[in-house]
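Novice: would you be able to build a 3D model of this:
(2 chains)
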Number of protein chains: 2
Amino acid sequence: MHWCRFRDGDGATYGVVEGDTVRAMSGSPFDGGEPGDETRPLAGVKLLIPCVPPTFYAAGANYRAHLAWAAQALGGSGAAPPRADIGYRAVNSLNAHDEAIVIPRDATGPVQVEGELAAVIGRTAKGLTRENALDCVLGYTIGNDVSERTWQRGDRTLWRAKNTDTFNPMGPWVTPGLDPEALTVITRINGDEASRYSTGDAIYSLVDFLVETTKYVTLYAGDVMWLGCDGATPDIVSGDVVEIEIPGIGTLRNPVEGE
Amino acid sequence: MHWCRFRDGDGATYGVVEGDTVRAMSGSPFDGGEPGDETRPLAGVKLLIPCVPPTFYAAGANYRAHLAWAAQALGGSGAAPPRADIGYRAVNSLNAHDEAIVIPRDATGPVQVEGELAAVIGRTAKGLTRENALDCVLGYTIGNDVSERTWQRGDRTLWRAKNTDTFNPMGPWVTPGLDPEALTVITRINGDEASRYSTGDAIYSLVDFLVETTKYVTLYAGDVMWLGCDGATPDIVSGDVVEIEIPGIGTLRNPVEGE
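Specialist: Residues are numbered from 1 along each chain as shown, chains lettered A, B, ... in the order given. Below is the predicted model:
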């Protein structure tokens, strides 16, 4: 089962994806909404980001081969973080399936993609334990943490390197009931496989992040937690089409444009 | 004129503060809401944070005396940032006027306060110029960027040092029509003045941040941009009451508790 969020007039409606069809829901998956009688062809709906998170958490450095790559490409020690310290991205940068990633005119690049598993939080949660942590997760979606590496090296924060408008595609929908440590993340540029890794290789698991974060921070329904990526990260340029596939969820696809 | 947001049953209502009275508004100041006929005593309403920002921007290092203090207390060069690079805080950490700042049980401290001017964005804005930048600002409020310095030194990001639940009081209300470069920010601990500085001493002005940020990022109605603080930052411990006053706006007051 997957649930999605799609444009409906000036607003947004949640739906359940059934093959090539979307069944509209009453309410949202966060408040017990249920599938109704109305269906539409999936190809005929404009998918939106599956939720608008109150806070957009991102693990950042969380895989050894990515840390080794980043140490060489961006500087830094390459050492694993000593604990599951979460980071943030900004909501302005979220971008829906099929929408263009727009590279700013003055970006000198390289601009690269980071395909990631993302957890969608379903309810208010604080003080989670290893045993109950995953109970607050409503499902999983796909994120693409697009990064401008010159800005990432030179700026004081990641504000434009990783949070420029359109730089964080998320979707196409949310899939409940998966094991977040047993998924494969595949990146394709113009149809050619450019990266593949297993979420089981993460340094810190989703459970680690949920337990550590909720010692201090309350999570809310709709918050998302992106879990980092492994290995080197493919370049993109204007005209490319990038796809991030996680079998069991689906494929997040975005064309790339120059500003 | 000040506008505020207060608890009304299970929801929130916007109001205009008129001396000791609050006049309820139809709608919100972001969508042309107008003051109505109903008034309530200000002392009888529970003030909420004045808006829930889609993105919570924070300048961080933006005053020379604060940078010099931070270089000594936290490490770093003390050099001014070479451009107006914005940073972020997390929405979970926002806290209303009169609500407690709660210091986590395992915080070794010191825990310190940073009183700041905060701009509230009134409408969607991208590509602002120096001439029109301030047109997107609906008004000004007060922020207190509470910081746990041991975590700030040791963690990979500022996630708990500056984003623990309750660590970002904001309020008490929003005041339009001020000059953001001509305000004074006064911090009192238990009634005693502990810090005073002028926003005119900022390295980068609000205009600088708005112009630089909106080269890459769209601002939305309700976004807030906190502008940093000057000088050393007073310690707080459980039992203290901290007040941040900006004459022309008002006073943001919060008691401090241990978890």
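
Novice: and the helices in the stretch 101-250 of chain A?
Specialist: Using DSSP state H, counting those that start in this stretch, the helices of the stretch 101-250 of chain A run over residues A:149-154, A:206-213.

Novice: out of the ones you listed, which is closest to chain B?
Specialist: Nearest to chain B, of all the helices of the stretch 101-250 of chain A, is helix A:206-213, at 7.3 Å by C-beta to the nearest C-beta. Where you see a C-beta, it was placed from the backbone N, CA and C, and this is true even at glycine.

Novice: is the closest one in proximity to chain B?
Specialist: Yes - between helix A:206-213 and chain B, judged by C-beta under 8 Å from any C-beta of the partner chain, the touching residues are A:Thr213.

Novice: go ahead and confirm A:Glu212 touches A:Pro82.
Specialist: No - look at A:Glu212 against A:Pro82 with C-beta atoms under 8 Å: they stay out of range, at 11.3 Å.

Novice: which one's more surrounded, the two?
Specialist: Taking neighbours as other C-beta atoms under 10 Å in any protein chain shown, A:Glu212 and A:Pro82 compare with A:Glu212 leading, 19 against 9.

Novice: which parts of the stretch 1-150 of chain A sit against chain B?
Specialist: Checking the stretch 1-150 of chain A against chain B by C-beta under 8 Å from any C-beta, the hits are A:52, A:54-55, A:57, A:60-61, A:81, A:83, A:85-88, A:90-93, A:104, A:106, A:126.

Novice: from those residues, which land in helices?
Specialist: Using DSSP state H, no member of the residues of the stretch 1-150 of chain A next to chain B sits in helices.

Novice: of those residues, buried ones?
Specialist: A:54-55, A:57, A:60-61, A:81, A:85-88, A:90-93, A:104 (16 or more other C-beta atoms under 10 Å in any protein chain shown).

Novice: show me how far stretch A:238-252 is from its chain's centre.
Specialist: 11 Å (C-alpha atoms, centre = their mean, to the nearest Å).

Novice: what do you get for stretch A:8-17?
Specialist: For stretch A:8-17, the distance to the chain centre is 20 Å (C-alpha atoms, centre = their mean).

Novice: do the same with stretch A:186-193
Specialist: 17 Å.

Novice: which elements pack onto the worst-scoring helix or strand of chain A on mean pLDDT?
Specialist: Across the helices and strands of chain A, the lowest-confidence element by mean pLDDT, DSSP states H and E is helix A:64-74, at a mean of 88. When contacts are defined as 3 or more C-beta pairs under 8 Å, 6 or more residues apart in numbering or on different chains; DSSP states H and E, helix A:64-74 packs onto helix A:149-154.

Novice: list the buried ones in the helix it packs on?
Specialist: Buried, per 16+ other C-beta under 10 Å, within helix A:149-154: A:149, A:151-152.

Novice: returning to that earlier point: worst average pLDDT in the helices of the stretch 101-250 of chain A?
Specialist: When the helices of the stretch 101-250 of chain A are ranked by mean pLDDT, helix A:149-154 comes last with a mean of 93.

Novice: export only the CA atoms of stretch A:125-134, formatted as PDB.
Specialist: What follows is stretch A:125-134 as a C-alpha-only set of coordinates in PDB (Å, rounded to 0.1, in the frame of the first residue of the first chain):
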ATOM      1  CA  ALA A 125       6.600  11.400  20.100                       C
ATOM      2  CA  LYS A 126       9.000  12.200  22.900                       C
ATOM      3  CA  GLY A 127      11.200   9.800  25.000                       C
ATOM      4  CA  LEU A 128      11.100   6.900  22.600                       C
ATOM      5  CA  THR A 129      12.700   3.600  23.500                       C
ATOM      6  CA  ARG A 130      14.500   1.200  21.200                       C
ATOM      7  CA  GLU A 131      11.400  -1.100  21.600                       C
ATOM      8  CA  ASN A 132       8.700   1.500  20.700                       C
ATOM      9  CA  ALA A 133      10.600   3.900  18.400                       C
ATOM     10  CA  LEU A 134       9.300   2.700  15.100                       C
END
